[in-house]
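>>> Compute the structure for the input listed below.
(one chain, ligands or ions: 3)
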Amino acid sequence: MLAGDPSTGSCYATPSSLKLWGCVNRSRNFVRIRGSSSSVTSVLSAERVDLRDEDEIEADFGRKFRLPHISDVFPDLEPLPTTFSVKSSYPLPDYHFDDESKDLKKMYVHNDDRVLLKVIEYVSPTSAGADCEGEDCKFRHLRVWRAGPRKKIYIRPEEVKAAIVTCGGLCPGLNDVIRQIVFTLDKYGVKNIVGIPYGYRGFFDDSLSDINLTTHYVQNIHLSGGSLLGVSRGGGQTSDIVDSLEKRGINMLFVLGGNGTHAGANAIHDECWRRKMKVMVVCVPKTIDNDILLMDKTFGFDTAVEAAQRAISAAYIEARSAYHGIGVVKLMGRQSGFIAQYASLASGHVNACLIPEVPFTLHGPNGLLVYLEHLIHTQGSAVVCIAEGAGQELLPPKGSKDASGNPVLSDTGVYLQQQIKNHFIAAGTPADVKYIDPTYMIRACQANSSDSILCTVLGQNAVHGAFAGFSGITVGLCNTHYAYFPIPQVIDHPRRVDPSSRMWHRCITSTGQPDFTPRA
Ligand SMILES: Nc1ncnc2c1ncn2[C@@H]1O[C@H](COP(=O)(O)OP(=O)(O)O)[C@@H](O)[C@H]1O
Ligand SMILES: O=P(O)(O)OC[C@H]1O[C@](O)(COP(=O)(O)O)[C@@H](O)[C@@H]1O
Ligand SMILES: [Mg+2]
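Numbering: from 1, shown residues only. Ligands and ions are numbered 1, 2, ... in the order given. Model (predicted):
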């Protein structure tokens, strides 16, 4: 499925449309590819790709996903043998890689290693979930760069001053990532590591001081939720942040955050290279909303889904135990309903899952309220799970924005609860409605085991990426393998639940909910 307006050339790719990045001009069999937003690192200018040429499409995709490398700006920079080795407990500054060593032979990632972005070979464009076009539904090898340690590094560990910053809202696992970045830097031999307090604010608010980070200091931080460094939304000019990096002598910056943070990090990366500063900026995507493109999932998402089970379970028990009980649970998800979708799938107790991507009607014969009445009469109770951003069209927009520019949403959870109460009163049917909003409880918690592992590997790979000389990149899980992505490609737009996806169909099959889509 392609999105955008072919006539104007305003194009973008949906997460499921990675076969082509752009809009098809069918009459001429060409696809127009949108250029990277990054000025210095742009590897692709707007160009035309012959749709009939499979090789050209794959090659074009490869160019689009090429990672910005420090040698783009400093072509004469000589790489050095890496100081990272899993075989030593201490970094060995004079360690020389021995190609013939049996133990180390398979330790490093080759720069030309790639991870396939798409792994299903659809036979027909009408196969479930197919994202290919044309009769032949040809499989395209869309490749992204494999993450991991390289044999060569582009900066001496003793010259590194590394900084870590965590931005946006909280997310389980932030401390695990911070901890692992520090451990891995230490393994390379880096001694100078600081934490920037309270997100980007820490760069320009003079009342805030950096935190010195050592392996000893971060040893146990993963045992608690939140961020050791603090987080914040809003604020800051890119040039001020880069001035601050320059002043502090920071040349390796690890940025943990969501799509807003990534946009900021990419601007910092661009500005650093524009000023010819030898700085590597590497992100680790943080968002319980799971709204970053191209990745299997982001860290914290699993934990949030798991934490949401307690709220759904409580809503179910309350509803089951009451006469005509109805439980309503509101979960986070400003634009994307992944948490509500997966929490509903996991729980098995949800009768209706409402997400921002799927508009629903409350009133009328195919409305949610009539369905709840039906459930009360047939099974005696009901549970509704609503994502924060769902049903915004039912209320007047607030029109305001938070400090980062994210829209402030109307509280549809509270509204839904009131509407259900009013409906049952009007229908003359008693109903006992209980509303649970566990919003901050699902993200202010320690990461579960699966997220801890994810955080550990992401943190390590972030450091490997920086030492390998990449900047303006982020790291993510791609078909169960770890890959590096150029930042603009993962934040082109927020990843959202596709209402025609197999997973959404599985969700509504599991809840048994009918189609509440408003009818004309
Ligand atoms: N388009 C942008 N360009 C530069 N910085 C941004 C942009 N959007 C957000 N930011 C900054 O990134 C930080 C986090 O953004 P926010 O949207 O709150 O969280 P998240 O990164 O989780 O999406 C804030 O400090 C904000 O000012
Ligand atoms: O109250 P806060 O801190 O703004 O956080 C609420 C927001 O956090 C989120 O779960 C995640 O947002 P971010 O990825 O921007 O941190 C949103 O869905 C939600 O609106
Ligand atoms: Mg965001």
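
>>> What residues does the closest residue to ligand 2 within the stretch 51-200 of the chain make contact with?
Scanning the stretch 51-200 of the chain for the residue nearest ligand 2 gives Gly169, at 3.0 Å (criterion: Cβ to the nearest ligand atom). The C-beta positions use only the backbone N, C-alpha and C, and glycine is treated the same way. Residues in contact with Gly169 (Cβ atoms under 8 Å, 6 or more residues apart in numbering) are 231, 233, 258, 287-288, 443.

>>> swap in Gly405?
For Gly405, the contacting residues are 234, 260, by Cβ under 8 Å, 6+ apart.

>>> That one and ligand 3: what is the separation?
Per Cβ to the ion, to the nearest Å, Gly405 is found 10 Å from ligand 3.

>>> which regions of the protein lie under the pLDDT threshold?
1-54, 88-105 (pLDDT under 70).

>>> follow-up on the earlier one: now, which of the contacts of Gly169 lie close to ligand 3?
Filtering the contacts of Gly169 for proximity to ligand 3 (criterion: Cβ under 5 Å from the ion) leaves Gly258.

>>> The contacts of Gly169 also near ligand 1: which ones?
With Cβ under 6 Å from any ligand atom as the criterion, the contacts of Gly169 include 233, 258, 287 near ligand 1.

>>> Can you add distance to ligand 2, secondary structure and neighbour count and give the residues you listed back as a markdown table?
A markdown table is the format used below for the ones next to ligand 1 among the contacts of Gly169 (distance: Cβ to the nearest ligand atom, whole Å; DSSP: H, G, I helix; E, B strand; the rest coil; neighbours: other Cβ atoms under 10 Å):
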| residue | distance to ligand 2 | secondary structure | neighbour count |
| --- | --- | --- | --- |
| Arg233 | 6 | coil | 19 |
| Gly258 | 3 | coil | 25 |
| Thr287 | 4 | coil | 28 |
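
>>> which one of those residues sits closest to ligand 1?
Gly258 (2.5 Å).

>>> end-to-end on stretch 380-390?
With Cα to Cα, to the nearest Å applied, stretch 380-390 spans 25 Å between its terminal residues.

>>> Buried residues in it, which are they?
381-390 (16 or more other Cβ atoms under 10 Å).

>>> and if you look at stretch 201-208?
201-203.

>>> what's the burial count for the spatially closest residue to Val109 that is not a sequence neighbour?
Residue nearest to Val109 in three dimensions, not counting chain neighbours: Gly148, with 3.5 Å by Cβ to Cβ, 6 or more residues apart in numbering. By other Cβ atoms under 10 Å, 21 other residues sit near Gly148.

>>> Please, where are all the helices along the stretch 251-400 of the chain?
259-274, 301-321, 338-347, 368-379 (DSSP state H, counting those that start in this stretch).

>>> for those helices, which one sits closest to Gly226?
Nearest to Gly226 among those is helix 301-321 (12.6 Å), distances taken as Cβ to Cβ.

>>> which residues does Pro81 form a beta bridge with?
Lys152 (DSSP bridges).

>>> was I right about it contacting Lys151?
Yes: using Cβ atoms under 8 Å, Pro81 is in contact with Lys151, at 6.9 Å.

>>> Would you mind telling me which of those two has more residues around it?
Lys151 (18 against 13).

>>> Burial check on the residue lying closest to the more buried one once chain neighbours are set aside, number of neighbours?
Nearest non-adjacent residue to Lys151, counting by Cβ to Cβ, 6+ apart: Tyr108, 4.7 Å away. Neighbours of Tyr108 under the rule other Cβ under 10 Å: 19.

>>> do Gly399 as well
7.

>>> Tell me how far the residue in the stretch 251-400 of the chain that ligand 3 sits nearest to lies from Ala426.
For the stretch 251-400 of the chain, the residue closest to ligand 3 is Gly258, as judged by Cβ to the ion, at 3.6 Å. The spacing between Gly258 and Ala426, counted by Cβ to Cβ, to the nearest Å, is 41 Å.

>>> Ok, Ser336 next?
As judged by Cβ to Cβ, Ser336 and Ala426 stand 34 Å apart.

>>> Pick out whichever of those two has more residues nearby.
Ser336 (23 against 9).

>>> Would you confirm that that one contacts Asp289?
Yes: Ser336 is within contact range of Asp289, at 5.1 Å (criterion: Cβ under 8 Å).

>>> Spell out which residues are contacts of both of the two.
Pro494.

>>> picking up where we left off before, reformat the ones next to ligand 1 among the contacts of Gly169 as a markdown table; add distance to Cys137.
Output for the ones next to ligand 1 among the contacts of Gly169, formatted as a markdown table (distance: Cβ to Cβ, whole Å):
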| residue | distance to Cys137 |
| --- | --- |
| Arg233 | 43 |
| Gly258 | 34 |
| Thr287 | 33 |
